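S.K.: This is a predicted model, with the sequence first.
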Amino acid sequence: MTLAIYTFLTAWNDFMWPLIVLTDDSRYTLPVALASLSGEHVQDTGLMMAGSVLTVLPVVILFLALQRAYMRGVMMGSVKG
């Protein structure tokens with residue numbers, strides 16, 4: 001379960017490879033598109049916060065969905081006294 005979560009988070013948060021490979025703005029991943037929203041002198045903070053929520057929301061949903069199974073696995077490995 002832990003390996004699946006780490007693999008998902010690594011793929012979801014990948015920044016450098018999509019930045020290098022993707023040339024079309026419409027195909028940017030969420031982290032790359034969020035980074036491209038910040039300008040040099042002007043930042044639209046409302047748009048940045050909305051993008052941050054869209055980027056974090058699937059990770060939070062995955063955590064909430066798998067929390068019970070993850071804790072069950074952690075507790076199975078504990079020593080009872």
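M.R.: Happy to help now that I have it. Numbering: from 1, shown residues only.
S.K.: Where does residue 17 sit, in terms of helix or strand?
M.R.: Assigned by DSSP states H and E, residue 17 belongs to helix 16-21.
S.K.: Who are the packing partners of that helix?
M.R.: helix 30-37 (3 or more CB pairs under 8 Å, 6 or more residues apart in numbering; DSSP states H and E). C-beta: built from backbone N, CA, C; applies to glycine.
S.K.: Mind giving me the packing neighbours of the helix it packs on?
M.R.: Applying 3+ CB pairs under 8 Å, 6+ apart, one finds that helix 30-37 contacts helix 16-21, helix 45-76.
S.K.: tell me which residues in that helix are buried?
M.R.: 30-34 (16 or more other CB atoms under 10 Å).
S.K.: Next: stretch 71-81.
M.R.: Within stretch 71-81, no residue is scored as buried using 16+ other CB under 10 Å.
S.K.: any idea how far that stretch is from the chain center?
M.R.: From the chain centre to the centre of stretch 71-81 is a distance of 28 Å (CA atoms, centre = their mean, to the nearest Å).
S.K.: and if you look at stretch 55-65?
M.R.: On CA atoms, centre = their mean, the centre of stretch 55-65 falls 8 Å from the chain's centre.
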